[in-house]
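Peer 1: model this:
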Amino acid sequence: MVQAIKSTNMLPGVIRRLRPSELELFREHLLRLDKESRRDRFNGVISDKFLEQYAIRSFHEGATVVGYVEGGQVLGAAELHERPQLTPPTGEIAFSVEKALQHRGLGSRLFERLIAHARSLGYTRLYVTTHPNNNTMRALAAKFAARIIFEEGETVGLIELDPSHPQEDELATAHPALRAQSPAAA
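Peer 2: A predicted model of the protein is given here:
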């Protein structure tokens, strides 16, 4: 059981990219999301069967999944899905954090890590979509300078990435201990 923790600095787990062999851990995370968290993540009511198929599709269609892993479980995840039909290179990002860890800064850390990874892959734009009442996601997107618009009943955020941004940031944001060792932090 996860204890109530006020700061992500006190979280004992690690944020890292999930391996293909960890598909099951990602699926279990999605299935543990409570009703409200599922609605916030998927913009509506969805079934367990949908979540199981979604996890498989995410890994088999090449999405990057970064997870917060603690005690052998994924308790939070950030996903980067390519939108190949859009130019310039564009990704769509999504986040889910289990109820016990929400509002502790974990979403920001996942967001930061995923943006660094997207930049290292050469993406110049990222989309994030949510329903209009998901104030947490809207605030998180705004924190990362997303331009927010309303489109067909959804809130859509667009984040423009600077392609000249240093690539070392992906390692620097992987874990607080690595941030201290990063040349950029010196």
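Peer 1: name the helices or strands packed onto the one helix or strand residue 75 maps to?
Peer 2: Counting by DSSP states H and E, the element that carries residue 75 is strand 73-82. Applying 3 or more C-beta pairs under 8 Å, 6 or more residues apart in numbering; DSSP states H and E, one finds that strand 73-82 makes contact with helix 23-32, strand 64-70, strand 90-97, helix 106-120. The way it works is simple: take the backbone N, C-alpha and C, and place the C-beta from them, glycine included.
Peer 1: kindly recompute the last result at 10 Å.
Peer 2: If contacts are counted by 3 or more C-beta pairs under 10 Å, 6 or more residues apart in numbering; DSSP states H and E, strand 73-82 sits against strand 14-17, helix 23-32, helix 48-60, strand 64-70, strand 90-97, helix 106-120.
Peer 1: could these go into a markdown table alongside mean pLDDT, mean neighbour count and distance to residue 147?
Peer 2: Shown next, in a markdown table, are those (pLDDT from 0 to 100; neighbours: other C-beta atoms under 10 Å; distance: least, C-beta to C-beta, whole Å):
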| stretch | mean pLDDT | mean neighbour count | distance to residue 147 |
| --- | --- | --- | --- |
| strand 14-17 | 96 | 16 | 26 |
| helix 23-32 | 98 | 18 | 28 |
| helix 48-60 | 96 | 15 | 26 |
| strand 64-70 | 97 | 22 | 23 |
| strand 90-97 | 93 | 23 | 14 |
| helix 106-120 | 92 | 22 | 15 |
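Peer 1: export those to CSV and tack on distance to residue 134?
Peer 2: Shown next, in CSV, are the helices and strands packed on strand 73-82 (distance: least, C-beta to C-beta, whole Å):
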stretch, distance to residue 134
strand 14-17, 22
helix 23-32, 17
helix 48-60, 18
strand 64-70, 19
strand 90-97, 10
helix 106-120, 11
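Peer 1: I figured residue 19 hits residue 66, correct?
Peer 2: No: Residue 19 lies out of contact with residue 66 (C-beta atoms under 10 Å); the separation is 11.4 Å.
Peer 1: returning to what we had before: got the angle for the strand holding residue 75 vs helix 23-32?
Peer 2: Relative orientation of strand 73-82 and helix 23-32, computed by axes from the mean of the first three to the mean of the last three C-alpha atoms, to 10 degrees: 100 degrees.
Peer 1: would you put the C-alpha positions of strand 73-82 in PDB?
Peer 2: Output of strand 73-82 as PDB, limited to C-alpha atoms (Å, rounded to 0.1, in the frame of the first residue of the first chain):
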ATOM      1  CA  GLN A  73       4.400  -2.000  -9.700                       C
ATOM      2  CA  VAL A  74       3.700   0.800 -12.200                       C
ATOM      3  CA  LEU A  75       1.800   3.400 -10.200                       C
ATOM      4  CA  GLY A  76       1.900   6.200 -12.700                       C
ATOM      5  CA  ALA A  77       2.500   6.400 -16.500                       C
ATOM      6  CA  ALA A  78       3.200   8.900 -19.200                       C
ATOM      7  CA  GLU A  79       2.700   7.900 -22.900                       C
ATOM      8  CA  LEU A  80       4.000   9.300 -26.100                       C
ATOM      9  CA  HIS A  81       2.100   8.300 -29.200                       C
ATOM     10  CA  GLU A  82       3.200   9.400 -32.600                       C
END
